[in-house]
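Novice: Sequence and computational prediction follow.
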Amino acid sequence: MRFILFFLVLTVLSSCEFETSQNDKLPLPILGEKEVVDGKTVYHTISDFEFMDQDSQVINNAFFNGQVYVLNNFFSHCPTICPKVKQQMLRVYDKYKDDDRVALLSHTIDPERDSVPRLKVYANRLEVDGRKWHFITGEKEKLYAMSRDHFLTALEDPDAEGGFDHSGTLILVDKNRKVRSFCNGLKPEEVDRLLKDIDKLLNEG
Amino acid sequence: MKVKILLLSFLILFMVFACQSNPYAEGKRIYTAYCASCHMEDGNGLKSLVPPLAKSDYLAQNQDKLACIINKGLNGSIIVNGKEYNQPMAGIPSLNPTKLTNVINYINHAWGNNAGYTKIQDVEAALKKCER
């Protein structure tokens, strides 16, 4: 009886392992709605954008030529989840600090208060290199469109703490402007998975 | 003899439970709900953005101001452990004196801190004298 039980457990365990290893071998999916045009599948593609970062540098799609980037939205006066999400973004930053294939992008949803100098101060206080991690601002409407284009929530809400409602999601975008992975930036174990997904994306070449 | 052994085992059992109980459970719950998103679960804050509460000289030296800081928030520059911080902190007006007392006592004794005990009377008196 004991033996049967032992083998049963072993089979279940090994089958689970098999499944995850199979999953690991699959390429990352392209996320978002897709349509078929003239027999070809067209995937959601990040639209053109142009903003300014904490060093007054113009940041647009062309800036990330050949780079993948991890994006989130935030505002520097955020009294709630932002520092926790920033702590997780710092894990991404620390892992790829010396890897030029990866960039980080945080766009504000509060451009009235988050001016370029304010973002500079914020980046300095996070003790990060501005060549790697860009904190961007610009016109409000365009910033909100940027959030939507990356499947992020961003709402001005007087009832929300700090005046803005947003998610703590991190988005991974490949060098062809396709969204390939995302995770909840409040959950370290989900960020573990995102880090693995970044490696996988980099291995695609 | 049997009675002695019985008493002794009760004593040991009592000591084990006394040591295990967490005296700041409510304070910890409030900390996790309201403070940890910025000051983090380990009280270490975030880089130069959010000051630490763990082993913080500012915390130890400003015990009389803590109730007001948590209730009304904090603006402007402060020096914590020799480092300057200047990020506005939002106040949490919804915490009543009991909850403030609980969370202050938790912070005062968490992460190796030993900043003393606060009584609810101290918190009530401090709240009447807040600057803003």
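Specialist: On my side now, so go ahead.

Novice: So what's the residue count around residue 30?
Specialist: Going with chain A. By the criterion of other CB atoms under 10 Å in any protein chain shown, A:Ile30 has 15 neighbours. The C-beta positions use only the backbone N, C-alpha and C, and glycine is treated the same way.

Novice: Let me rephrase: I mean chain B.
Specialist: When counting by other CB under 10 Å, one arrives at 22 neighbours for B:Ile30.

Novice: mind checking the SS state of it?
Specialist: helix (DSSP: H, G, I helix; E, B strand; the rest coil).

Novice: does the spatially closest residue to it that is not a sequence neighbour belong to a helix or a strand, and which?
Specialist: In space, and not counting its chain neighbours, B:Ile30 is closest to B:Val103: 4.3 Å by CB to CB, 6 or more residues apart in numbering or on different chains. Assessed by DSSP states H and E, B:Val103 sits inside helix B:97-109.

Novice: so what secondary structure elements neighbour that helix?
Specialist: Contact here means 3 or more CB pairs under 8 Å, 6 or more residues apart in numbering or on different chains; DSSP states H and E; on that basis helix B:97-109 packs against helix B:25-30, helix B:66-72, helix B:120-128.

Novice: CSV please, covering those helices and showing mean pLDDT.
Specialist: As requested, these are arranged in CSV below (pLDDT from 0 to 100):
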stretch, mean pLDDT
helix B:25-30, 96
helix B:66-72, 97
helix B:120-128, 96
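
Novice: shaky segments in chain A?
Specialist: Flagging of chain A using pLDDT under 70 yields the residue ranges A:1-23.

Novice: Show me which residues of it sit near chain B.
Specialist: Residues of chain A found near chain B (CB under 8 Å from any CB of the partner chain) are A:77, A:79-84, A:86-87, A:90, A:122, A:124-127, A:161-162.

Novice: What sits closest to the residue in chain A that chain B sits nearest to if chain neighbours are left out?
Specialist: The nearest approach of chain A to chain B comes at A:Pro79, 3.5 Å away (CB to the nearest CB). Counting by CB to CB, 6+ apart, B:Ala90 is the residue found nearest to A:Pro79 once chain neighbours are left out, at 3.5 Å.

Novice: which residues touch the one you found?
Specialist: B:Ala90 is in contact with A:79, A:161-162, B:73, counting by CB atoms under 8 Å, 6 or more residues apart in numbering or on different chains.

Novice: Give me the buried subset of these.
Specialist: Buried by 16 or more other CB atoms under 10 Å in any protein chain shown: A:79, A:162, out of the contacts of B:Ala90.

Novice: Nearest to A:Lys140, out of the contacts of B:Ala90: which one, please.
Specialist: For the contacts of B:Ala90, the residue nearest A:Lys140 by CB to CB is A:Gly162; the value is 15.8 Å.

Novice: ok, now which ones touch the closest one?
Specialist: A:75, A:77-80, B:90.

Novice: mind listing which of those are in strands?
Specialist: B:Ala90 (DSSP state E).

Novice: Looking at the contacts of A:Gly162, which is nearest A:Gly168?
Specialist: For the contacts of A:Gly162, the minimum distance to A:Gly168 (CB to CB) is 9.1 Å, reached by A:Thr80.

Novice: Now do that closest one against A:Glu161, distance only.
Specialist: 5 Å (CB to CB, to the nearest Å).

Novice: what does B:Ile120 give?
Specialist: Distance from B:Ile120 to A:Glu161, counting by CB to CB: 26 Å.

Novice: Same question for B:Ala25.
Specialist: 25 Å.

Novice: any idea whether B:Glu84 is helix, strand or coil?
Specialist: With three-state DSSP as the basis, B:Glu84 sits in strand.

Novice: Relative to A:Gly162, how far out is the closest residue to it other than its chain neighbours?
Specialist: Nearest residue to B:Glu84, sequence neighbours excluded (CB to CB, 6+ apart): B:Ser77, at 5.8 Å. Distance, B:Ser77 to A:Gly162, by CB to CB: 21 Å.
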